[in-house]
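Asker: Predicted structure and sequence below. I'll ask about it afterward.
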Amino acid sequence: MSGYVLCRVPMASVPYYIQNIGTNIYSIEELCYYLYRDLYLVDDSLMNAGLCKWIGRELGMKELARRLAMLMEHSTVPLEDFACEILRSINYLPQDELRSYRNKISALEKQSPPVRKKLKGDCLMENRKYVNAIRVYRTLLEEIAGRPSSPRFSGSIYHNLGCAYSRLFQKEEALECFERAYDCLHTRDALKHYLLAYSNAKTPIEYESRMAEMKVDDQTRKEIQDAISEFYDSTDIHVQEHSVEELLGQMTKEYHHNTGS
């Protein structure tokens, strides 16, 4: 899908505020674009009377507003029905893509709340909504604290939380998160990310002392130094991204295995 949206319905004079992404929208096309592009941010909060009234009053799409209100009268209406009703109202997607979209939302709704929240945070990171992503990750970590969970799952949350803090230049907070990620994962990549953040937050003397304390071998030292050089060239650390199949497969399987849910 392109980022260019051609409006077929007059734009609203009063926007609708989508809290999940902190953005005002002015047209039905913008709403459809949000539903399609930011799939992992779409949740039950979408189904509210305020949105229905805005669609009817500001966009003049009274029939769509009526259909959505009728759907909301049923307490068990699936989220995909509500979202697809909006997408279908202007034929935003071809039928095959609409069916695929419906299946994705349905599959997402069946995942555990922690996995859905993790995906939401990742999507916020993709949209550069770092403050919101931090809030989601922090809330998720509080929810799973004290409960059995996959180290890979927790480590991935801490890693991406560290990335969010890094993007906001909050070095100490980022360092703490990358350290927690390494404690969970114990991988060479996690170690490199932690020491990379350490070098960025501490003095060279403190960095060398930490390297000696952790007994980092020469090969890993070289890899970290190369990563540091690359870091200062790009001033970035990559968020851990996962395909839908991997995240909803391996990670979810690990989560359920460790929680017994």
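Answerer: In hand now; what should we look at?
Asker: Every contact and neighbour count from this point should use C-alpha atoms.
Answerer: OK.
Asker: which stretches of the stretch 151-261 of the chain form strands?
Answerer: Assigned strands in the stretch 151-261 of the chain: none (criterion: DSSP state E, counting those that start in this stretch).
Asker: Pro15 and Ile25 touch, don't they?
Answerer: Yes. Here Pro15 reaches Ile25: they are 5.3 Å apart, a contact under CA atoms under 8 Å.
Asker: Need the residues touching each of those two.
Answerer: Taking CA atoms under 8 Å, 6 or more residues apart in numbering as the contact criterion, no residue touches both Pro15 and Ile25.
Asker: shaky segments in the stretch 101-250 of the chain?
Answerer: By pLDDT under 70, the weakly predicted segments of the stretch 101-250 of the chain are 148, 231-250.
Asker: swap the cut-off to 90 and go again
Answerer: Applying pLDDT under 90 to the stretch 101-250 of the chain flags residues 106, 108-112, 127, 145-151, 188, 192, 200, 217-250.
Asker: any idea how far the residue nearest to Asn200 when sequence neighbours are not counted lies from Arg188?
Answerer: Spatially, and ignoring its direct neighbours in sequence, Asn200 is nearest to Lys171 (7.2 Å; CA to CA, 6 or more residues apart in numbering). Distance, Lys171 to Arg188, using CA to CA, to the nearest Å: 21 Å.
Asker: higher neighbour count, those two?
Answerer: Lys171 (19 against 13; other CA atoms under 10 Å).
Asker: I figured the more buried one hits Tyr165, correct?
Answerer: Yes. Counting by CA under 8 Å, Lys171 does reach Tyr165; the two are 6.9 Å apart.
Asker: Gln219 and Asp226, how far apart?
Answerer: Where Asp226 is concerned, Gln219 sits at a distance of 11 Å (CA to CA).
Asker: And these two? Which one has more around it.
Answerer: Asp226 (12 against 9).
Asker: Please list all residues in contact with the more buried one.
Answerer: By CA under 8 Å, 6+ apart, Asp226 has no neighbours at all.
Asker: again, 10 Å this time
Answerer: Leu196, Thr220 (CA atoms under 10 Å, 6 or more residues apart in numbering).
Asker: Now do it against Tyr36, distance only.
Answerer: 39 Å.
Asker: same deal with Ala107?
Answerer: 15 Å.
Asker: More neighbours: which of those two?
Answerer: Higher neighbour count among Ala107 and Tyr36: Tyr36, with 20 against 12, using other CA under 10 Å.
Asker: isn't the more buried one right up against Ala83?
Answerer: Yes. Using CA atoms under 10 Å, Tyr36 makes contact with Ala83 at a distance of 9.2 Å.
Asker: Identify the contacts common to these two.
Answerer: Both Tyr36 and Ala83 are in contact with Val42, Tyr101, where contact means CA under 10 Å, 6+ apart.
Asker: Does Tyr92 belong to a helix, a strand or coil?
Answerer: Classification of Tyr92 using DSSP: H, G, I helix; E, B strand; the rest coil returns coil.
Asker: That one: how many residues sit nearby?
Answerer: Neighbours of Tyr92 (other CA under 10 Å): 17.
Asker: Let me know how buried Ser27 is, in neighbour terms.
Answerer: 23.
Asker: just Arg135 next, same as before
Answerer: So Arg135, with other CA under 10 Å, has 12 neighbours.
Asker: Which positions within the helix or strand where it lies qualify as buried?
Answerer: According to DSSP states H and E, Arg135 maps onto helix 130-144. Neighbour-count burial for helix 130-144 flags Tyr130, Asn132, Ala133, Ile134, Val136, Tyr137, Leu140 (criterion: 16 or more other CA atoms under 10 Å).
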